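Participant: What follows is a predicted protein model with its sequence.
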Amino acid sequence: MSDRGISRREFGKSAVAIGGTAALAACLDRFDSPDIPEGTDPASLPARQHEWKEYLEVDDAGNSQLSRHHVVLLLNYDREGTPTDGDRQQVTDALHSLERGYGWETDGLMFTLGYSPAYFRRFDAAPAGVDLPEPTALAPFEDPEFDTPDAVLHLASDHEQVVLAAEEALKGNRQSVNDHEMAATFDGVFSVADRRTGFVGAGLPAENQEVNGIPDSEPVPEDSPLYMGYKGRFDGNQATEDMVTISEGPFAGGTTQHLSYIRLQLQQWYEQDSEDQRVSKMFCPAHAEEGKVEGVGENLGDASGVEDCADDVAERSRRDGVAGHAQKTARAREDGRPVILRRDFDSTDGGQAGLHFLSIQRTIDDFVRTKSMMNGSDLTEGSGVSQRVNNGILQYMRVERRGNYLLPPRDLRALPPADPV
């Protein structure tokens with residue numbers, strides 16, 4: 001704890017959640033400035049703006065580690081009709097300024113800018129060669145609100161100051177980032193419709209569990225990277241960046257993104273369910289029976305190891321009376337690998353334990369198919385599994401928002417036309 005009665009991590013999380021110039025100033029005043037790597041010539045960066053893996057840190061098992069702090073800005077384009085060339089240049093110059101200021105790595109700043117179906121309606125056409133459907137409820141027990149901004153910007157860094165400074169610079173409230181002058185901002189082009197924040201990484205959920213949805217006993221394991229107490233991303237259980245990349249058409253080199261906000265209710269998870277029950281529901285019953293998961297799951301290496309449970313999940317769920325989350329979703333695979341790449345993170349937005357579920361995939365249908373497997377509706381007949389109870393982790397979460405986006409390749413990320421030539 002610091003001499004001001006609050007830990008660095010908790011203060012930093014609070015500053016990111018609050019946002020604004022005052023929060024940034026307080027963050028800079030409170031902490032020594034970290035050594036942030038400088039950026040580079042934007043032309044040297046990957047053509048795919050979602051290409052992050054090469055630049056991420058890895059754990060001892062080789063799993064990619066996302067940046068610890070995240071800001072998501074839902075943006076509205078401030079003009080009627082189709083974008084102007086001047087606005088495209090302004091957005092390009094603003095993003096290039098960030099890239100020159102910060103290294104493209106977890107210790108610096110990484111980001112993506114995507115566009116919704118509502119944005120492409122300005123052109124009276126869908127994005128060429130891409131199926132980008134409107135968001136919809138994806139289970140009979142869902143009733144989410146749908147996000148309909150024009151664009152979504154995802155900022156990620158290991159440092160609280162970096163995501164805050166980048167956000168304020170784009171808004172026009174800072175003239176420089178990391179001692180590099182901003183050549184342009186989003187001012188007059190984009191306005192913020194909604195702001196979402198979060199964090200991921202060992203220690204952060206435990207330090208930020210005094211929120212609604214977490215029992216007062218504060219049970220989140222100290223070394224867990226996520227609120228539910230286990231590692232959630234193993235590289236062996238992720239699609240590769242190549243797999244999720246659009247391969248043909250004018251948006252080749254891009255990808256699609258789904259963004260959900262999920263409200264977590266973990267009272268029963270921690271206060272009533274045993275460790276074996278949690279392992280059964282998060283992974284699969286066989287993992288609990290065989291004691292395969294130690295602590296938060298670090299011992300599993302780079303894969304959850306539920307493949308053997310997934311092949312006969314229907315029969316197993318009738319026998320065990322429970323179906324595991326990973327066990328169910330493992331059925332949505334191609335050539336032995338999942339079809340979505342998760343980049344989700346926990347949140348305390350609104351004083352509530354939540355999860356911003358962000359995934360990228362070649363098509364939104366890949367996400368829909370994965371979510372269908374997660375729903376496990378085919379497992380409810382003749383077993384102890386209902387629509388939500390004993391059906392993975394569904395009973396502990398409520399989907400409140402959904403949105404679909406196209407993440408174009410880097411050279412088309414600034415207000416792209418519907419059919420680039």
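Facilitator: Looks like it arrived, so ask away.
Participant: Contact partners for the closest residue to Val313 other than its chain neighbours?
Facilitator: With sequence-adjacent residues excluded and distances taken as CB to CB, 6 or more residues apart in numbering, Val313 is closest to Gln327, at 5.5 Å. C-beta here means a position set from N, CA and C on the backbone, and glycine is covered the same way. Residues in contact with Gln327, defined by CB atoms under 8 Å, 6 or more residues apart in numbering, are Phe283, Cys284, Val306, Cys309, Ala310, Val313, Arg316, Gly392.
Participant: now those as JSON lines including neighbour count, distance to Asp150 and secondary structure?
Facilitator: Below are those laid out as JSON lines (neighbours: other CB atoms under 10 Å; distance: CB to CB, whole Å; DSSP: H, G, I helix; E, B strand; the rest coil):
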{"residue": "Phe283", "neighbour count": "25", "distance to Asp150": "39", "secondary structure": "coil"}
{"residue": "Cys284", "neighbour count": "33", "distance to Asp150": "41", "secondary structure": "coil"}
{"residue": "Val306", "neighbour count": "23", "distance to Asp150": "39", "secondary structure": "coil"}
{"residue": "Cys309", "neighbour count": "23", "distance to Asp150": "42", "secondary structure": "helix"}
{"residue": "Ala310", "neighbour count": "20", "distance to Asp150": "39", "secondary structure": "helix"}
{"residue": "Val313", "neighbour count": "23", "distance to Asp150": "40", "secondary structure": "helix"}
{"residue": "Arg316", "neighbour count": "21", "distance to Asp150": "45", "secondary structure": "helix"}
{"residue": "Gly392", "neighbour count": "27", "distance to Asp150": "34", "secondary structure": "coil"}
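Participant: Among those residues, which one sits closest to Ser386?
Facilitator: Distances from Ser386 to the contacts of Gln327, taken as CB to CB, are shortest for Gly392 (11.4 Å).
Participant: Please tell me I have it right and Met374 contacts Gly324.
Facilitator: No: under the contact definition of CB atoms under 8 Å, Met374 does not touch Gly324, with a separation of 10.6 Å.
Participant: Next, show the common contact partners of those two.
Facilitator: Shared contacts of Met374 and Gly324 (CB under 8 Å, 6+ apart): Gly392.
Participant: The two: which has the busier surroundings?
Facilitator: Neighbours were counted for Met374 and for Gly324 using other CB atoms under 10 Å; Gly324 has more, 31 against 21.
Participant: surely that one meets Pro285?
Facilitator: Yes: because the distance of 6.5 Å satisfies CB under 8 Å, Gly324 is recorded as touching Pro285.
Participant: shared neighbours of these two, which are they?
Facilitator: Counting by CB under 8 Å, 6+ apart, the common neighbours of Gly324 and Pro285 are Cys309.
Participant: Beyond the top helix by length along the chain, next helix or strand please.
Facilitator: In the chain, taking DSSP state H as the definition, the longest helix is helix 85-101. Later in the chain than helix 85-101, the nearest helix or strand by DSSP states H and E is strand 110-115.
Participant: quick one, what contacts the closest residue to Phe146 other than its chain neighbours?
Facilitator: With sequence-adjacent residues excluded and distances taken as CB to CB, 6+ apart, Phe146 is closest to Pro135, at 4.5 Å. Remark: with contacts taken as CB under 8 Å, 6+ apart, Pro135 is in contact with Pro144, Phe146, Asp147, His258, Arg402, Gly403, Asn404.
Participant: Go through the residues you listed and give me the one with the most neighbours.
Facilitator: Gly403 (25 neighbours).
Participant: Now the residue most central in space within the chain: closest residue in space, sequence neighbours ignored.
Facilitator: Within the chain, the residue whose C-alpha comes closest to the C-alpha centroid is Asp344; the distance, by CA atoms, centre = their mean, is 2.7 Å. Closest residue to Asp344 apart from its sequence neighbours, by CB to CB, 6+ apart: Phe357 at 4.5 Å.
Participant: Assign a three-state SS to the residue nearest to Phe146, would you?
Facilitator: Under DSSP: H, G, I helix; E, B strand; the rest coil, Pro135 falls in the coil class.
Participant: roughly how far out does stretch 382-400 sit from the chain middle?
Facilitator: Taking CA atoms, centre = their mean, to the nearest Å, one finds the center of stretch 382-400 at 22 Å from the center of the full chain.
Participant: CA atoms only for that stretch - export them in PDB, please.
Facilitator: These are the backbone C-alpha positions of stretch 382-400, laid out as PDB (Å, rounded to 0.1, in the frame of the first residue of the first chain):
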ATOM      1  CA  GLY A 382     -32.400 -35.900 -20.400                       C
ATOM      2  CA  SER A 383     -29.700 -34.500 -18.200                       C
ATOM      3  CA  GLY A 384     -29.200 -32.300 -15.200                       C
ATOM      4  CA  VAL A 385     -28.300 -29.400 -17.500                       C
ATOM      5  CA  SER A 386     -30.900 -26.700 -18.000                       C
ATOM      6  CA  GLN A 387     -30.700 -23.600 -20.200                       C
ATOM      7  CA  ARG A 388     -28.500 -21.900 -17.600                       C
ATOM      8  CA  VAL A 389     -28.000 -24.000 -14.400                       C
ATOM      9  CA  ASN A 390     -25.100 -26.500 -14.600                       C
ATOM     10  CA  ASN A 391     -24.600 -25.300 -18.100                       C
ATOM     11  CA  GLY A 392     -21.100 -24.100 -18.000                       C
ATOM     12  CA  ILE A 393     -20.900 -20.600 -16.500                       C
ATOM     13  CA  LEU A 394     -24.100 -19.200 -18.100                       C
ATOM     14  CA  GLN A 395     -25.900 -18.700 -14.800                       C
ATOM     15  CA  TYR A 396     -23.200 -16.300 -13.500                       C
ATOM     16  CA  MET A 397     -23.400 -13.800 -16.300                       C
ATOM     17  CA  ARG A 398     -25.900 -11.600 -18.100                       C
ATOM     18  CA  VAL A 399     -25.200 -10.200 -21.500                       C
ATOM     19  CA  GLU A 400     -26.200  -6.500 -21.500                       C
END
